[in-house]
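**Q** predicted model follows, preceded by the sequence.
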Amino acid sequence: MKQLVLLLSLTFFCPLIAQSNRQIAKDFDGDKIKDTVYIDSDLDKLVCLLSSNNFKKIESLKIRSLNFGNTLVETKNGFQFWNDYGRSGWINEFEYNAKEKNAANKNISYRL
C-alpha cells in the first residue's frame with residue numbers, strides 16, 4: 001500500500017516540479033533586497049523589477065518568437081532567458097553591472 005501511495009505521489013507531483021521557471025526572485029543589483037524578473041506571455045516581453053530602481057517596471061522590447069519552451073534559469077550573477085524554437089533557439093544571459101547600473105546581455109544561439 002505504501003508503495004502504491006508513493007508511486008501515485010510521484011506521478012502527480014513530479015510534473016509540477018518539472019515545469020519551466022517563468023519568474024525569478026533574487027538580489028540582482030547587490031543591495032540585499034530581492035528583485036524580480038518574469039516572462040509576460042500576454043505582452044511577449046521580459047519584465048524586471050529592481051529595488052534600486054524603486055521597483056519601477058522595466059520591460060524588454062517585444063519578443064517576436066516567444067515560444068512555449070521559454071524559461072528563466074538562475075545563474076550565479078544574474079539569469080538566462082531560454083527560448084526554444086523547434087530544433088533551434090537562443091539563450092540570452094543577463095548580469096547586472098553595479099558600476100554602470102544596468103544589465104549586460106550576452107546572446108548565445110544554438111541549434112540541436
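**A** Thanks, I have the structure now. Computed from a predicted model, the values in this text were never measured in an experiment.
**Q** residue nearest the centroid of the chain?
**A** The centroid of the chain falls nearest to Leu72 when counting by Cα atoms, centre = their mean (1.9 Å).
**Q** quick check: bridge partners of it?
**A** Phe81 (DSSP bridges).
**Q** could you do Ala25 as well?
**A** On the basis of DSSP bridges, Ala25 is bridged to Thr36.
**Q** coming back round to it: quick one: the residue nearest to the centre of the chain and Phe28 touch, right?
**A** No: in this structure Leu72 lies outside contact range of Phe28 using Cβ atoms under 8 Å: 12.0 Å. C-beta: built from backbone N, CA, C; applies to glycine.
**Q** overlap in contacts, those two.
**A** Common neighbours of Leu72 and Phe28, counting by Cβ atoms under 8 Å, 6 or more residues apart in numbering, are Val37, Phe79.
**Q** all helices of the protein, in order?
**A** Taking DSSP state H, the helices of the chain run over residues 2-17.
**Q** pLDDT below threshold where in it?
**A** 1-20, 103-112 (pLDDT under 70).
**Q** strands of that one, residue ranges please.
**A** 23-26, 35-40, 45-49, 57-59, 70-74, 78-85, 88-97, 102-111 (DSSP state E).
**Q** stretch 46-61: which residues count as buried?
**A** Leu46, Cys48, Leu49, Leu50, Ser52, Ser60 (16 or more other Cβ atoms under 10 Å).
**Q** what's the answer for stretch 73-87, then?
**A** Within stretch 73-87, the residues scored as buried using 16+ other Cβ under 10 Å are Gly78, Phe79, Gln80, Phe81, Trp82, Asn83, Asp84.
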